[in-house]
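[1] sequence and predicted model, in that order:
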Amino acid sequence: MKITSLPRLIANATLIVAFVAPGLTLHAQVPAVSTLRNTPNDVERDDPRVAQVIDRAENHFKKGKLNLADNRREQARDEFDKAVDSLLESGLDVRANPRLRDYYLQLVERVYREEVPLQQTQPQNVLAGGAQIALASTPVDTTTTQASPQVGFREQKFEPSPLDELSKLVLTQQEQQVSDEDVAKLENEINSLDFKFTSNQLIQQFLNYYQGRGRSTMESGLRRSGQYTTMARKIFREEGVPEDIVWLGQVESAWRPTARSWAAASGLWQFIPGTGSRFGLRQTAWVDERNSFEKATRASARYLKWLANRYNGNWELALGAYNTGEGNIDRAISRAGSSNFWAVYPYIAQETRNYVPNILATILIAKNPEKYGFANVQRMSPLAYDVVRVPTTTSLQLIASLTDSSVDYLRSINPELRRDVTPRGESYDVRVPPGRAKQFVALVKRIPMDRRDVGARVISVGQGEDLAAVAARTGTSVAQLQEMNGGTEIKAGDKLIMPTGNVRLSSYNRTRGNVPAVTGSSLKTVAAKAGDTIASLSARYGASPDEVAKLNGVAVGTQLESGRLIRIPQSPNAAPARPSRRR
């Protein structure tokens, strides 16, 4: 559901202004270090990029005004959001760069002036200094009030649910060509499953569909299923639900945790808000547990078991009720005078008519892919991650820095988080890359509680750097580094806690001996092969595994999907890639 621009802009600008004063004294904090005297600071180096980012934001703003003039308000809000997001997601430090900061505050005010006539309420507080913004921006933890996001918060992104297309699917005459012999052959496969259902020609028709024009849909779902089915089978088994019914996730979401339907159903198991709440899934301004891997899977298993008990173990009716609601199935049973799914079939909605035989066909294919021509589909590896408990309102940007990952990667394995920060007022379990939990715990202890929302980052020490050199390239002071890191002895590769009120933190490697400095790098995009990992690709192309992992938001040891495009940084003096022996 789209969040309007104004509340987000108001809160974003509040925090920007809060950091203006430290940014104004930035240059006075940079000590003179002879070895780095000719190294441009980050603000100077980023100046060409600043112009590009401002141009991109301005184009979105102009499109927003044109949409507004045409009374296309939702499209206008989208463009205004993109204008602001293009600044916040540019990788530049908006607070530290004077030109970017000034443009941001002006943009906030311009968008405010454009959108104020569209708002139901006016902001009650005005801050002098150019931008009209609310002084109080504490989000409200409720499902009915849209809270004001802060800097770095992004709206949760969704993908279309396959259920929307399924509801409109019309089988072709060729797909409907099914003989009695075809239906009879299904019996043997049905008997191999861990629950009972009745063979029907519609199941064979959907088998025909997936072997033809629906092949790509089935293939992509089978590939992604590898990430979740191990977890889902375990939970279904614990809840007493037949394990083969986990393939409900294939039809519901094609195994996309951020799938969303026209009816506001969301997640792997497509809970609507009311049913999600009924089975314990929180939906607040901070989290939507319908998008959680484990919690939503357990809620789905419990709902399915409740439905099966309601219909005396008839899983066809239970699956139908999962889609259309038990009330509609109850009425169909009453009209048909029978508790047999195929008897009530004429009395249910078209979407549910497609839904149940579709799931049954999907289960048969998933259980025996070789028979139906899907033997070559390589399923992705199960998701691997550690879980760490973090205190209230901890920034994902900070967690990414502490675990050598990225915000995008953390969002992909924590899809229930609606913002780039953990919930206010509670400790929260966050998934992080596998093997990084101990590193995170060791580093986060060194960060004061009041800096864990947006007030700290982590960088790596470069070759030959001391504290003075790090301070010079990051725009902080040696005293600040010592205060936040508790010592003066550092070596290459060490992690240092940094205040983010300064310039954007970037990596820097000093040259050693007579080795020429690397003056730049380019990105090479390569397609992963079956069995590749970030580690193996990095070795093949002479790149740092950690850099490649962070650049692509994938853990070093994760097995990559065949054909996935991976970006590899290539330095001018990088070793050439080893030739492949494959033909």
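    Arrived safely.

[2] quick check, pLDDT for P123.
    Per-residue confidence at P123 stands at 33 (pLDDT).

[3] report pLDDT for A76.
    For A76, pLDDT reads 83.

[4] what about it, which SS state?
    helix (DSSP: H, G, I helix; E, B strand; the rest coil).

[5] in contact with it, which residues?
    Neighbouring residues of A76 by C-beta atoms under 8 Å, 6 or more residues apart in numbering: 64-65, 67-68, 114-115. C-beta coordinates here come from the backbone N, C-alpha and C atoms, glycine included.

[6] go with 6 Å
    Residues near A76 by C-beta atoms under 6 Å, 6 or more residues apart in numbering: 64, 67-68.

[7] adding pLDDT and secondary structure, write those out as a markdown table.
    Shown next, in a markdown table, are the contacts of A76 (pLDDT from 0 to 100; DSSP: H, G, I helix; E, B strand; the rest coil):
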| residue | pLDDT | secondary structure |
| --- | --- | --- |
| G64 | 88 | helix |
| N67 | 86 | helix |
| L68 | 84 | helix |
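
[8] which of the residues you listed are buried?
    Neighbour-count burial (16 or more other C-beta atoms under 10 Å) applied to these gives 64, 67-68.

[9] quick one, helices of the stretch 451-583 of the chain?
    Along the stretch 451-583 of the chain, counting by DSSP state H, counting those that start in this stretch, helices occupy 467-474, 478-485, 534-541, 545-552.

[10] please point out which parts of the second one sit buried.
    Neighbour counts over helix 478-485 (16+ other C-beta under 10 Å) mark 478, 480-481, 484-485 as buried.

[11] quick one: contacts of that helix?
    Helix 478-485 has contacts (C-beta under 6 Å, 6+ apart) with 467-468, 471, 496-497.

[12] what do you get for stretch 59-73?
    Residues contacting stretch 59-73 (C-beta under 6 Å, 6+ apart): 75-76, 79-80, 82-83.

[13] quick one: low-confidence parts of the stretch 101-250 of the chain?
    Within the stretch 101-250 of the chain, the segments meeting pLDDT under 70 span 108-109, 112-113, 115-161.

[14] what about the helices in it?
    So, for the stretch 101-250 of the chain - with DSSP H, counting those that start in this stretch - the helices run 162-168, 173-176, 180-191, 201-211, 215-225, 229-239, 248-253.

[15] counting contacts, what elements does the first one pack onto?
    It stands for helix 162-168. Helices and strands touching helix 162-168, as assessed by 3 or more C-beta pairs under 6 Å, 6 or more residues apart in numbering; DSSP states H and E, are absent.

[16] repeat the analysis, applying 8 Å as the threshold.
    helix 248-253, helix 350-367 (3 or more C-beta pairs under 8 Å, 6 or more residues apart in numbering; DSSP states H and E).

[17] cool, the third one as well?
    With contacts defined as 3+ C-beta pairs under 8 Å, 6+ apart, the secondary structure elements packing on helix 180-191 are helix 201-211, helix 350-367.

[18] change it to 7 Å
    Packing partners of helix 180-191 (3 or more C-beta pairs under 7 Å, 6 or more residues apart in numbering; DSSP states H and E): helix 201-211.

[19] part of a helix, is E79?
    Yes: counting by three-state DSSP, E79 is part of a helix.

[20] follow-up on the earlier one: in CSV: the contacts of A76, plus distance to V170.
    Formatted as CSV, the contacts of A76 follow (distance: C-beta to C-beta, whole Å):
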residue, distance to V170
G64, 39
N67, 35
L68, 39
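
[21] just the closest of those residues to Q250, please.
    Nearest to Q250 among the contacts of A76 is N67, at 37.6 Å by C-beta to C-beta.

[22] if we can go back for a sec, which one, of the helices of the stretch 101-250 of the chain, ends up nearest to R282?
    Smallest distance to R282 across the helices of the stretch 101-250 of the chain (C-beta to C-beta): 17.9 Å, for helix 229-239.

[23] tilt between that closest one and helix 350-367?
    Note on geometry: by axes from the mean of the first three to the mean of the last three C-alpha atoms, to 10 degrees, helix 229-239 and helix 350-367 are set 110 degrees apart in direction.

[24] many thanks, we can stop here.
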